[in-house]
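[1] Show me how the following folds:
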Amino acid sequence: MKKNQYSLFNNIAFYFKKLSEFQPSIIWILALRVILSVTLPLFTIYMPKLLVDLATSHAGVEKFVLIFGGFSVAYILLSAIVSYTWEAVYFDFNFFRQYLAYYIFRKSLSIPYKDTESGIHRGEYWGAIGQAQCGDMSSSNRFYMMVPSFLITILNFFIYSTILANLNIFIAILLIVISMINYFFMEIERKSRKKIQPKLDNLYKKIEYIQHSSSGSGESSPAKDIRIFHLSKWIKQKEQKLIDKEKKYHKHLMGINFTRQNIGFILGFIRDGIAYVYLVNQAVVGNITPGDFVLYLGAIHGFSDFVSSIAWNIQELLTASDRAQSYRKYYDMQEEDIIQGTVTADDMKYPLDIEFKDVCFRYDDKKDVLKNLSFHIHGGEKIAIVGVNGAGKTTIVKLLCGFYEPDKGEILINGININQFAKRDLYKLFSTVFQENRIFPFTVGENLTFQLKENIDKKRAENALKEAGLWKKLKRQKITLDDYMTKYFMKEGVTFSGGEMQRFILARAIYKDAPLLILDEPTAALDPIAESEIYNKYAEISREKTSIFISHRLASTSFSDKILFLKDGTITEKGTHEELIKRNGEYAHMFQVQASYYRKGDMQNDNRFNK
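    Here you go, the predicted model:
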């Protein structure tokens, strides 16, 4: 089994440091709770002795009532203060858990791009979020509950040890030995839980994904597919299989827990039985007074509880530490450095010149996606990079944007290696439009500009929408920059058709007005007419800008200055549209195949559709 990356003491120090940063007063309240809680058990064992001593000494009723009443009032007052110290901080613990979850979410926004694409890291993200939000069972709450409890128990252990040492040291040793045997079985249970917990976490992740993706809480609703393909039964079956596995693991853990509890009960019975027999014998032979008998009886019972509590506290702390690993690992994940760099965006002269020189790249240990790729885009040129799916087109964009680094070769902007740029400044150079349209449930203006409402340049935003051909539609439908998009927050939220959405994304690029325009399959879901209109708009706004159009459909090639045909990570053809058509190579063949489906009547004449 993999060793924990963070030790128990390291985890305790981490969580209490974070708590002190969040609200320092909580630490002092917990310290007060420990101090006061240590005195409470002393009342429970000394009060019966005091009452018995008063009774056997024939003390008067007034003295009896006065002493008993004083102890009772002090006990009640002390209990109330201890209870208050817990109630006073419990709400803060719950709020602090949200703070820990917020941190992980914010962390996810700044980790390296390659980690965001990794399924392993996405699983670690949900593991960290789940650990922060699982209520009283979260590592933070367990530490804040168990560390004070452990300190209280340890202090009481020494106090009660002192009391029992006056009776017989061997009784104390016996109680400790039997409790250690019980601890051994508790450790077996903890290790079993630790072994099974990753499997349970994986099941939780799968169940959460099925529920999230099937309920329509994602970006698009699956309601149509569920009805047309009768998916409801299939989804329920998939979920039920996971739930059955979860039940199986829990049943196994419950069996171990049941066995451990029964062993603990038997050991506790033996432990207390031996102690009580010895105590009764001492009382019979007259070695202890009736008051001492009551005192030692309470001390033995309390000592046994405290020894057992020490073992239980340790187990709880170790379990919390095991579960804290997922949070700590994501918390300590290296963030993307967007500041360090010797070159800034202000150092650039426009239009930008782009060059790939012998670039090789592979994802993880898989085969090369790009192989000694070289090409040069002169400032102001419009380049179309085309090819079949999987040729490596999108990888070129990821490398150029600095999301990944080449395994070999270099990428130059105006002759400067992009590794010399501060990432923050490198990102300023690009206006990108990807196939996935990311729309947030915020206002039109915020989605357009990615600025808070109060920071939006409304005149600039309106001009961007006008240039993109959307402003008239918005005015006609009385949609303003302050209206919400999607229907997550507002039932009357703004929604766009496919073509309108592309125009909106185009308006984003216009608003940013970066010197390099990159379109990565932006019109893959549009019909040919809408695609042509959108590309004509992109051609208009890309004047005097260096532009890269990525596509496996060839609508973008008609207005491009140069076309690069990519196959298996290398450029096999390059030239203008007319030059490549005359060459009659793979580009010409792809163009002819695509064009044939757009010519009137060709679909009906295709033998594949007339069988």
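[2] OK, contacts around Val397?
    Contact analysis of Val397 by C-beta atoms under 8 Å, 6 or more residues apart in numbering lists 432, 518, 520, 548, 550. From N, CA and C alone the C-beta is placed, and that goes for glycine too.
[3] Quick check: the third one touching Ile550?
    This points to Asp520. Yes. Contact status for Asp520 versus Ile550: in contact at 4.4 Å, counting by C-beta atoms under 8 Å.
[4] what sits in contact with each of these two?
    Residues within reach of Asp520 and of Ile550 at once, by C-beta under 8 Å, 6+ apart, are 393-394, 397.
[5] Packing partners of the helix or strand containing Phe157?
    If you go by DSSP states H and E, Phe157 is part of helix 139-165. Counting contacts by 3 or more C-beta pairs under 8 Å, 6 or more residues apart in numbering; DSSP states H and E, helix 139-165 is packed against helix 8-22, helix 25-56, helix 61-108, helix 169-214, helix 290-331.
[6] what's the closest of the ones you listed to Asp513?
    Ranking the helices and strands packed on helix 139-165 by proximity to Asp513 (C-beta to C-beta) places helix 61-108 first, at 28.1 Å.
[7] rewinding a little: next, format the contacts of Val397 as TSV and append neighbour count and secondary structure.
    Formatted as TSV, the contacts of Val397 follow (neighbours: other C-beta atoms under 10 Å; DSSP: H, G, I helix; E, B strand; the rest coil):
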residue	neighbour count	secondary structure
Thr432	20	strand
Ile518	22	strand
Asp520	21	strand
Ile548	26	strand
Ile550	23	strand
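[8] Tell me the one of the residues you listed nearest Tyr160?
    Thr432 (68.5 Å).
[9] confidence score at the residue lying closest to that closest one once chain neighbours are set aside?
    Residue nearest to Thr432 in three dimensions, not counting chain neighbours: Ile518, with 4.6 Å by C-beta to C-beta, 6 or more residues apart in numbering. Listed pLDDT for Ile518 reads 89.
[10] what's the answer for Trp471, then?
    On the pLDDT scale, Trp471 gets 90.
[11] Tell me the secondary structure at Pro406.
    Judged by DSSP: H, G, I helix; E, B strand; the rest coil, the three-state class of Pro406 is coil.
[12] Now do the strand or helix carrying Tyr278: which elements does it pack against?
    Assigned by DSSP H and E, Tyr278 belongs to helix 231-284. Using 3+ C-beta pairs under 8 Å, 6+ apart, the elements in contact with helix 231-284 are helix 169-214, helix 223-228, helix 290-331.
[13] which other residues reach the second one?
    Just to be clear, that refers to helix 223-228. Residues outside helix 223-228 that contact it (C-beta under 8 Å, 6+ apart) are 214, 216, 231-232, 235.
[14] can you put the residues you listed in JSON lines and add neighbour count, pLDDT and distance to Asn10?
    Shown next, in JSON lines, are the contacts of helix 223-228 (neighbours: other C-beta atoms under 10 Å; pLDDT from 0 to 100; distance: C-beta to C-beta, whole Å):
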{"residue": "Ser214", "neighbour count": "21", "pLDDT": "75", "distance to Asn10": "40"}
{"residue": "Gly216", "neighbour count": "12", "pLDDT": "57", "distance to Asn10": "42"}
{"residue": "Leu231", "neighbour count": "15", "pLDDT": "78", "distance to Asn10": "46"}
{"residue": "Ser232", "neighbour count": "11", "pLDDT": "81", "distance to Asn10": "47"}
{"residue": "Ile235", "neighbour count": "16", "pLDDT": "84", "distance to Asn10": "42"}
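[15] In JSON lines: those residues, plus distance to Lys251.
    Shown next, in JSON lines, are these (distance: C-beta to C-beta, whole Å):
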{"residue": "Ser214", "distance to Lys251": "26"}
{"residue": "Gly216", "distance to Lys251": "33"}
{"residue": "Leu231", "distance to Lys251": "30"}
{"residue": "Ser232", "distance to Lys251": "28"}
{"residue": "Ile235", "distance to Lys251": "24"}
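[16] Only the buried residues of the helix or strand containing His589, if you could.
    If you go by DSSP H and E, His589 is part of helix 586-596. Neighbour counts over helix 586-596 (16 or more other C-beta atoms under 10 Å) mark 586-588, 590-591 as buried.
[17] quick revisit: just want the angle from the helix holding Phe157 to helix 231-284.
    Helix 139-165 and helix 231-284 meet at an angle of 10 degrees, taking axes from the mean of the first three to the mean of the last three C-alpha atoms, to 10 degrees as the criterion.
[18] related to what we said a few turns ago, and the helices and strands packed on helix 139-165 as JSON lines, adding distance to Gly469?
    As requested, the helices and strands packed on helix 139-165 are exported to JSON lines (distance: least, C-beta to C-beta, whole Å):
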{"stretch": "helix 8-22", "distance to Gly469": "50"}
{"stretch": "helix 25-56", "distance to Gly469": "56"}
{"stretch": "helix 61-108", "distance to Gly469": "35"}
{"stretch": "helix 169-214", "distance to Gly469": "34"}
{"stretch": "helix 290-331", "distance to Gly469": "43"}
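[19] need the least confident one among those, by mean pLDDT.
    Lowest mean pLDDT of those: helix 169-214, a mean of 77.
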